[in-house]
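> Quick one: sequence plus predicted model below, questions after.
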Amino acid sequence: MNVNEVLMAPGRSNEPDPVRTLADALSTLQRNSGRPLRSLEPEIHVSDSSLSRYLRGHSVPPWDVVRALCVALKADPVEYRARWEAANAIQSRAVQEKPDVAPSRKASRTEWRWAATGGGVGAVLGSLVTLAVIPAPTSGESDPAGPLPITTSGRIFVSRATGACLDHSMEGGLRTFPCNGMSYQRWTVRPFGEGTYRISNHATGACLDRGATGLRSAECAETASQQWMVTVSDAAAEVRRADDDECLHDDEVGLRLIACDGGSRKQRWG
């Protein structure tokens, strides 16, 4: 039973929704401050996609998050404590009333190798975000060039040329951006038929798309413009359009699609 089911249980229909009350109060505080959610990330240490879920009432944030948000927005956390306690009690009740389910089988372990990145990524950030997006071969196998062998969510694409990460947000659009470990830089790569893949952003849900004027983000759809070939070689990947000879390219000019050049660092992603 989830939070909403608890609130809709018999005998509760006329009671105020504590989760919604807290979410509305925090959302009003954020709107009145004029600060976008993404600007709050460095102070609160929570991604704006998570903050957005909290402010929409999809879940109850931990008290530390509420307190940090209040401090960042120049509000007194004490004024929000009672609302949080009421909402948290509802969430705790939902967890307690959740029926037992049979345990699922443990997912098979996948080995990952660490990918070297290009210059421009600091040592501390490098240790956080350069976990390779390329699965290691099984014992006894070589590492020849080939299509992506498995799919996974949360891949990070780091340009071998610039050290920047493939990034998408509502504010910044599709771009490469200094690697920061946020969900804007994590991508889900799923099979799309005939050896191709669709690549969607973890935070925004948008897909890589080839529009009339070039590379863009778009709502995910069953369309050829979102079909990509992802080929792995030497612990890095080439991302190529499925129906032409254009590759995902990053250099000092920026992120774009241009003719594939045979695997230069500007078209290699760790």
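Perfect, I can see it now.
> so where's the chain shaky on pLDDT?
For the chain, the stretches with pLDDT under 70 are 1-15, 92-153.
> try it again with 50
By pLDDT under 50, the low-scoring segments of the chain are 1-13, 95, 98-145, 149-151.
> Tell me where it has helices.
With helices called from DSSP state H, the chain shows them at 3-7, 18-33, 37-44, 48-55, 63-72, 78-96, 123-129.
> quick one, domains of the protein?
Split into domains by automatic domain parsing, the chain comes to 3-96, 112-267.
> how about those domains in CSV, adding mean neighbour count?
The way it works is simple: take the backbone N, C-alpha and C, and place the C-beta from them, glycine included. Shown next, in CSV, are those (neighbours: other C-beta atoms under 10 Å):
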stretch, mean neighbour count
domain 3-96, 16
domain 112-267, 17
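> Name the stretch from the helices of the chain that approaches M229 most closely.
Minimum separation from M229 across the helices of the chain (C-beta to C-beta) falls at helix 123-129, 24.3 Å.
> need the contact list for the spatially closest residue to M229 that is not a sequence neighbour.
The shortest distance from M229 to any non-neighbouring residue, by C-beta to C-beta, 6 or more residues apart in numbering, is to R240 (4.4 Å). When contacts are counted by C-beta atoms under 8 Å, 6 or more residues apart in numbering, R240 touches W228, M229, V230, T231, E246, C247, L248, C260.
> Please list the members of those residues that lie in strands.
W228, M229, V230, T231, E246, C247, L248 (DSSP state E).
> Let me have those residues in JSON lines, extended by distance to F192.
Formatted as JSON lines, the ones in strands among the contacts of R240 follow (distance: C-beta to C-beta, whole Å):
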{"residue": "W228", "distance to F192": "8"}
{"residue": "M229", "distance to F192": "10"}
{"residue": "V230", "distance to F192": "10"}
{"residue": "T231", "distance to F192": "15"}
{"residue": "E246", "distance to F192": "17"}
{"residue": "C247", "distance to F192": "17"}
{"residue": "L248", "distance to F192": "16"}
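> Looking at those residues, spot the one nearest R210.
Comparing the ones in strands among the contacts of R240 against R210 with C-beta to C-beta places E246 closest, at 7.3 Å.
> For the closest residue to the closest one other than its chain neighbours, give its distance to R155.
With sequence-adjacent residues excluded and distances taken as C-beta to C-beta, 6+ apart, E246 is closest to L257, at 4.4 Å. From L257 over to R155 the distance is 19 Å, taken as C-beta to C-beta, to the nearest Å.
> With I199 instead?
Taking C-beta to C-beta, one finds I199 at 8 Å from R155.
> Common neighbours of those two, please.
W187, T188, V189.
> Restricted to strands, list those.
W187, T188, V189.
> So which of these is the closest to K74?
Using C-beta to C-beta, those come closest to K74 at W187, 35.5 Å.
> For the nearest residue to the closest one once chain neighbours are set aside, which residues are in contact?
Of all residues not flanking W187 in the chain, R155 sits nearest, at 4.9 Å (C-beta to C-beta, 6+ apart). With contact taken as C-beta under 8 Å, 6+ apart, R155 is in contact with V133, R186, W187, T188, V189.
> my guess is the fourth one meets I199, correct?
Yes. Applying C-beta atoms under 8 Å, one finds T188 in contact with I199, separated by 7.3 Å.
> Next, give phi and psi for the nearest residue to Q91 once chain neighbours are set aside.
Counting by C-beta to C-beta, 6+ apart, Q91 lies nearest to V60, which is 4.4 Å off, once chain neighbours are set aside. Note on V60: its backbone torsions stand at phi -100, psi 130 [degrees, to the nearest 10].
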